[in-house]
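J.: sequence first, predicted coordinates after that:
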Amino acid sequence: MSKKGLEELSEQGQSSRRRFLFWLSSALLAGSGLISAVSNLVFMRPRATYGQPSRFAIGRPAEFPVGTRISMNVEKVCVVREEAGLAAISIKCTHLGCTVGVSETGFACPCHGSRFDQDGNVIGGPAPQALPWYKLTLAPNGDLEVDKSVTIEQGTYFGV
Amino acid sequence: MRLALAVASIIVFVVHVVVFYDQFFHRWERHQTAYFEQARTQATNDAEAEELARRGPQIEQIIVTQFGESQVDRCVTCHIAVDDPRFTEHFHPLKTHPYSESLGDLQVEGRWERRHKFSDFGCTICHDGQGRGLEEHYSHGDDHYWPMPLLGYVVHENWNENYKDKLLGTDYMQVKCAQCHTDEGFAGTPHVSRGRELFFKKSCYGCHRIEGLSESTLGPDLTEIGKEFSLEYLWESIDEPRANLATSFMPKFNMTDDEVKSLVIFLKSRRGKNYTETQLDLYRARLEVGDEQDVAEGDAALAEAEDPVAVGERLISERACTACHKLDSVDGKVAPDLSFEGLVRSNDWLMQHFINPRTVVSDSIMPTFRWDHSDFEAMTAYLESRTEAPQVADAAASYREFCARCHGEQGAGDGPIMLYLDPAPRDLTKASFMNSKPMERFKESIRYGVAGTSMPPWEKVLDEQQIDDLLEYVFATFVDQPRRELRERSIPENNPVAMGPESVARGESTYLLRCTGCHGLKADGKGPNSPDIVPRPRNLRNSHFINSVSDRRLLESILYGVQGTAMPPWIDYGLSQNDVGDLLNYIRSLNKGRE
């Protein structure tokens, strides 16, 4: 092979190595950018907040005899026990979020006078929606658990 | 260049991947996934299985608001099965928290019901540790110097090998029980109750303050000690008081391991305020209880035995006097020997000293114990009953027996308890001092003691001949220069200047000008130069001492200085005999009418 041929070959090798390094760097930097973009998007939503947890235990079913309507002001639910079973109804007003009180006819909001019937349906005032019902489950240790992240259809009682 | 860029981009990529993995793949997620899978296989109905299938890994937390500051416990993120009774046989972290009747848990219809529900109490209320941590290292508190790791479960690597094993076990959790169950003698916290008893029985309260329990300020305040120090530090401080502070004069109490453990648990439970009561409530309650207890103890002691000597003996051994003092063969190595105390000191002196040590020895470090008057009388009676003077063969033996404890084996004023005496024992090897004072003065100091100091009168123990022999021994053994003839000085026997307000005022202005550098503005011997001077400048407000010393001696000390000490001859610095007379009147006026 001539001297010129050798030079050409080495030039070719050099340029293909350069191309390889260029593509490698680009791919890795793009990958890094992608990973950071994904992380940043995930971090937008907090993993834990300092509010009360959405799942919480409220005690044994036996603690709630038929006819009970107990408001839990910290957790903002009203535990209702009817013949049909148990239910957990939100006591956070759907209007502006005040804590509604349990009244004879159902619930009444002290802030703007919204009124709800015993199932949480709006019967007066500015509230736009009925009070949501939350899912109840029985934990393995025998305690009732309310899960505020899941709303269920009005009138579905949890049978005991 | 391209190669460098490629290498750099590899590094950047690797760092990104590592950070991404670290932030989004957690051990707790694996624990939770494992729990959900196992729980699903054990589910009894479809609804439960469906519910479990719906739940994905997430940070679980209990927020407790009923105990003061709201507290966030994320322990259940890993320990997700704590309240699931099917997991009793599993390993940590997927293990059911044990049920125990001693914690108040009840079995109702075959099912356990917890007295302390996790939703109400969280975890760190009982266990300590860091509730917010999501990694074992942080949440269990393996962190090297953190004072509150999981109680009785985590020992730090840097903890002393001798104590590590003793600091493990569920007993230590009584510390946290006692934060709410503050009633004395609560059945669930026997170690705390015993520790509290020991705090009084071993006279800890004589030096340490715990709000509502004791008021002394000699040692560190222990009101919030549990927050500040780890179990290991507390144990070490009791077992070996000088381990952390070389100058500590806290005695070693030689307690059994079990006693130390109770005290450590009691101290660790001192955190200033507890969860159930306000600080003020606690303070009032304890003050009242404390008063009743003292009186009751005194009465009981009298009723139990008629003989005050026997009662005194019991009290002295019970209240750990020998933790500091020496009595026969037991020696605390902090305070003077009590073996002949009844012989050398008078009944009145002992009583006054018990009631408040500083009324007779101005700078004594002995705590003022608030015991019943009858207790003090019994203890005095016991000390007074020990009237037998020890038999010593010769002067060397009597020096060892009576003097060496303060003045030191070699007479250098550095005996084992020297650090705790104020004024310090005289250095008998200092020839310039020893040879500048008349023999009669040394004899008097031995015979009658030095008032206001720890030097007791030995006249009832040593006869004249023995005192002479002792002095001869001291001069022959410790003073390495021959005694010279003392120079005659013309010093009036009594103060040449009459006492009066003008004289005192003149004396005061001279004092402020010349003397405060060493003797201090308060004339308490603690002037700015005093730390550098040995022996320390005299406390001029030590009334017992000042009132016992003649005018002539004070005049001589001021005019001609005290050889072997930092006191200069003021006659060389322009003070006349009358100036010194004014000064003397000023010093006397400070101590007038005080005994």
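T.: Sure thing, it's come through.
J.: contact partners for the residue nearest to residue A:136 when sequence neighbours are not counted?
T.: Distances taken as Cβ to Cβ, 6 or more residues apart in numbering or on different chains place residue A:158 nearest to residue A:136, at 4.0 Å, with adjacent residues excluded. Placement of C-beta: from N, CA and C, glycine included. Residue A:158 makes contact with A:85, A:86, A:87, A:136, A:137, A:138, A:144, according to Cβ atoms under 8 Å, 6 or more residues apart in numbering or on different chains.
J.: wait, doesn't residue B:405 sit right on residue B:339?
T.: No: here residue B:405 lies out of contact with residue B:339, judged by Cβ atoms under 8 Å, at a distance of 10.3 Å.
J.: what touches both of those two?
T.: residue B:326.
J.: residue B:114 against residue B:105, yeah?
T.: Yes: checked against Cβ under 8 Å, the pair residue B:114 and residue B:105 is within contact range at 5.2 Å.
J.: those two: who's more crowded?
T.: Set side by side, residue B:114 and residue B:105 show more neighbours around residue B:114, with 20 against 15, by other Cβ atoms under 10 Å in any protein chain shown.
J.: how close does the more buried one get to chain A?
T.: Between residue B:114 and chain A the distance is 8 Å, computed by Cβ to the nearest Cβ, to the nearest Å.
J.: now do the contacts for that residue.
T.: Applying Cβ under 8 Å, 6+ apart, the residues near residue B:114 are B:83, B:99, B:103, B:105.
J.: got the residues of chain A near chain B?
T.: Neighbours of chain B within chain A, by Cβ under 8 Å from any Cβ of the partner chain: A:18, A:21-22, A:24-25, A:28-29, A:31-32, A:35-36, A:38-39, A:42, A:47-48, A:50-53, A:55-57, A:60, A:74, A:137-143.
J.: measure the spatially most central residue of chain B to chain A for me?
T.: By Cα atoms, centre = their mean, chain B has its centre lying nearest to residue B:219, at 3.7 Å. Distance of residue B:219 to chain A, computed by Cβ to the nearest Cβ: 41 Å.
J.: that residue in helix, strand or coil?
T.: Here residue B:219 is recorded as coil under DSSP: H, G, I helix; E, B strand; the rest coil.
J.: now it, nearest residue through space, not along the chain?
T.: Leaving out its chain neighbours, the residue that sits closest to residue B:219 by Cβ to Cβ, 6+ apart is residue B:207, at 3.8 Å.
J.: give me the neighbour count for that neighbour.
T.: Residue B:207 has 20 nearby residues by other Cβ under 10 Å.
J.: and for residue A:136?
T.: 24.
J.: would you map the helices across chain A?
T.: With DSSP state H as the criterion, chain A has helices at A:3-43.
J.: how does it divide into domains?
T.: A:1-45, A:55-152 (automatic domain parsing).
J.: quick one, strands of chain A?
T.: Assigned by DSSP state E, the strands in chain A fall at A:55-59, A:69-72, A:77-82, A:85-90, A:101-102, A:106-108, A:115-117, A:122-124, A:133-138, A:144-152.
J.: by how many degrees do the last one and strand A:133-138 diverge?
T.: Just to be clear, that refers to strand A:144-152. The directions of strand A:144-152 and strand A:133-138 differ by 140 degrees, with axes from the mean of the first three to the mean of the last three Cα atoms, to 10 degrees as the criterion.
J.: and residue A:7, what's its pLDDT?
T.: Residue A:7 carries a pLDDT value of 66.
J.: now swap in residue B:280 and tell me
T.: For residue B:280, the predicted pLDDT is 59.
J.: same question for residue B:100.
T.: 87.
J.: can you check residue B:580 too?
T.: Reported pLDDT for residue B:580: 93.
J.: name the nearest residue to it, sequence neighbours excluded.
T.: residue B:558 (4.8 Å).
J.: my guess is the one you found meets residue B:572, correct?
T.: No: the criterion here is Cβ under 8 Å, and residue B:558 misses it with residue B:572 at 11.7 Å.
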